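# Quick one, what's the 3D model for this:
(one chain, ligands or ions: 1)
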Amino acid sequence: MKEITSSEFDHEVLQGGKVILDFYSTECPPCEALASKFEDLSKLYGNDIKFLKIYRQQNRDLAEKLGVRSSPTLLFFNDGKEKGERLTGGIKRSDIIHNLDFMLPDNKLKEIKAQIKPSVSEYDVIILGAGPGGLTAGLYLCQSKINTVLVDIALPGGQVSTTHEVSNYPGFIEPQAGYLLSHNMSEQTKMCGTVYKVAVDVTRVDLEKKEIVIDEYETIRAKKIIIATGTTPNRTGAAGEKELKGKGISYCATCDAKYFDNKEVVVIGGGNSAVEESDFISRFASKVTVVHQFDKLTANKKAQDKLFSNSKISIIFNSEPRSFIKQEGRMVTEIENLVSKERLKLVSDGVFVFIGMKPNIELFRDKLQLDQWGYIKTDENMQTSIPDIYAVGDVISKKYRQITTAVADGTIAAMAIAKELN
Ligand SMILES: Cc1cc2nc3c(=O)[nH]c(=O)nc-3n(C[C@H](O)[C@H](O)[C@H](O)COP(=O)(O)OP(=O)(O)OC[C@H]3O[C@@H](n4cnc5c(N)ncnc54)[C@H](O)[C@@H]3O)c2cc1C
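Purely as a prediction, here's the structure:
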């Protein structure tokens, strides 16, 4: 592994055979999350592929020339030509391997894979999920000197990191940008000393043995596990939704509203998220059409009042989407009126879907007692139906799902565990 500057780019990269190049920055949590994976893979693939790092802040001209706009960005080159997909954000080990494997012949790959040694590590507690619930549990456990590892399939922060503004988290007079609030929560827990394994693939979870496997080869064992995996947005199930996800259909206004400056947008939903996010989207879009299945919105009164006074937003009641297609770069949403059964086509530049959430329990669905909606049942200490397995936050069966309630659950589980382990 070698650090280069832009003056060495031609020699090291363009005339350098097979190369992986990491544009990194300082004070960049996703870059920190990538660093150990990059180093680890350089030991495996380093004899055949050159692993180079370049400090983006000091090599801005080159970054701009190559169109690199964020850190980290991984680029792959073969004989001076860029190959494969560029990787950015929370980069997983499996995504890097996928690109590296493309550059090598099968016999070489076999040799490399044979060198991969499974590893086993042991902690007191594994926390699955680094949203507010998991991060708070991590903080309390760490402050009780309990050896804890936080594991997340994405970067830390959970749903808060994709919420544009949070105005109801106590302690802040002004609304806080969601990404900043979650960043601060994460830094607080990390600085305490909790071990992070983020942007990983969670391959297997064995609740009975209290053991998980990440990235296929790394086994982590613990005395207790806290499940804090949160929820995922529901899909409408209409034709074309799966294919157009990320290509016209979004589930995150904070992430994507900015791409709809002066454009027209359709929003599906009528609860708090749909109504509040429609208002946010209207800061960018010229027109927002909300499609809701009932004859009334179900959001709270304050959010509804704000929506009704926004001249950019109109609402179509009693209707559901039936199909999404893309025609000449525009989205066509076919909706059906549930009363008259009439169908209507709405043409827009993009569609946002906010129709509730479902719990992330795929890896342990059959093992735990769940409520009728699939949320994990817990007792007052956040313990589940399996001894030593706890669950906190949005993934558990409860009435109200907010940052404050997730944080409270995380606190309770951590204190109960600390009492037992100490
Ligand atoms: C659009 C929107 C706006 C919101 N606005 C507000 C607001 O203003 N105020 C408020 O209080 N609440 C708000 N909420 C609700 C709030 O975000 C949640 O209640 C809170 O984030 C729940 O925290 P959590 O830790 O339980 O789960 P999450 O924040 O969902 O975090 C779960 C984490 O688990 C990870 N994960 C998932 N599966 C796995 C797996 N198999 N293995 C490991 N990790 C996994 C995810 O990557 C994620 O990081 C909003 C929610 C949405 C969707």
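
# What parts of the stretch 251-400 of the chain come near the ligand?
Within reach of the ligand by Cβ under 6 Å from any ligand atom, the stretch 251-400 of the chain has these residues: 273, 277, 360, 363, 393, 394. C-beta coordinates here come from the backbone N, C-alpha and C atoms, glycine included.

# repeat that with 8 Å
For the stretch 251-400 of the chain, the residues in contact with the ligand (Cβ under 8 Å from any ligand atom) are 252-254, 272-273, 276-277, 354, 357, 360, 362-363, 392-395.

# List just the nearest of the residues you listed to residue 226.
The closest of these to residue 226 turns out to be residue 392 (Cβ to Cβ; 6.1 Å).

# What's the local residue count around that closest one?
By other Cβ atoms under 10 Å, 32 other residues sit near residue 392.

# Would you mind measuring from it to residue 127?
Remark: distance between residue 392 and residue 127 (Cβ to Cβ, to the nearest Å) = 9 Å.

# just residue 247 next, same as before
Here residue 247 is placed at a distance of 34 Å from residue 127 (Cβ to Cβ).

# So for the two, which sits in the more crowded spot?
The residue with more neighbours, out of residue 247 and residue 127, is residue 127; 32 against 10, by other Cβ under 10 Å.

# In what element of secondary structure is the more buried one found?
Taking DSSP states H and E as the criterion, residue 127 maps to strand 119-128.

# Give me the mean pLDDT for that strand.
In this model, strand 119-128 carries a mean pLDDT of 97.

# since we're on residue 9, how many residues are nearby?
Neighbour number of residue 9 under other Cβ under 10 Å is 18.

# Helix, strand, or coil at it?
helix (DSSP: H, G, I helix; E, B strand; the rest coil).

# follow-up on the earlier one: now for the strand holding residue 127, which elements pack on it?
Applying 3 or more Cβ pairs under 8 Å, 6 or more residues apart in numbering; DSSP states H and E, one finds that strand 119-128 makes contact with helix 132-143, strand 148-152, strand 218-227, helix 403-421.

# which residues touch it?
134, 137-138, 141, 146-152, 195, 202, 205, 210, 212, 217-229, 417, 421 (Cβ atoms under 8 Å, 6 or more residues apart in numbering).

# if we can go back for a sec, counting neighbours, which of the residues of the stretch 251-400 of the chain next to the ligand comes out on top?
Neighbour counts for these peak at residue 393, which has 35 neighbours (criterion: other Cβ under 10 Å).

# Just confirm that residue contacts residue 230, I think it does.
Yes: if you go by Cβ atoms under 8 Å, residue 393 and residue 230 touch, sitting 5.9 Å apart.

# what is in contact with these two at once?
Here residue 393 and residue 230 share the contacting residues 129, 131, 133, 158, 406, scored by Cβ under 8 Å, 6+ apart.

# Most neighbours out of the residues you listed, which is it?
The member of these surrounded by the most neighbours (other Cβ under 10 Å) is residue 133, with 32 neighbours in all.

# Look up the closest residue to that residue, ignoring the ones flanking it.
Spatial nearest neighbour of residue 133, chain neighbours left out: residue 393 (2.8 Å); criterion: Cβ to Cβ, 6 or more residues apart in numbering.

# Over to residue 410?
Excluding the flanking residues, the one nearest residue 410 by Cβ to Cβ, 6+ apart is residue 136, at 3.3 Å.

# ok, now residue 95?
Once flanking residues are discounted, residue 95 sits nearest to residue 87: 5.5 Å by Cβ to Cβ, 6+ apart.

# which residues sit against the helix or strand hosting the one you found?
Here residue 87, judged by DSSP H and E, is contained in strand 81-88. Residues from elsewhere that reach strand 81-88, judged by Cβ under 8 Å, 6+ apart: 70, 72, 73, 74, 75, 76, 77, 95, 96, 99, 102, 103.

# In helices, which of those appear?
Residues of the contacts of strand 81-88 located in helices (DSSP state H): 95, 96, 99, 102.

# host element of residue 274?
helix 272-281.

# Ok, residue 19 next?
Per DSSP H and E: residue 19 is located in strand 18-24.

# for residue 348, what are its contacts?
By Cβ under 8 Å, 6+ apart, the contact set of residue 348 is 263, 264, 265, 266, 289, 330, 331, 333.

# neighbour-wise, which of those residues leads?
Comparing those on neighbour count, residue 265 comes out first with 28 neighbours (neighbours: other Cβ under 10 Å).

# And the closest residue to residue 5 other than its chain neighbours, how far from residue 86?
Nearest non-adjacent residue to residue 5, counting by Cβ to Cβ, 6+ apart: residue 59, 6.0 Å away. Residue 59 is 16 Å from residue 86, where distance means Cβ to Cβ.
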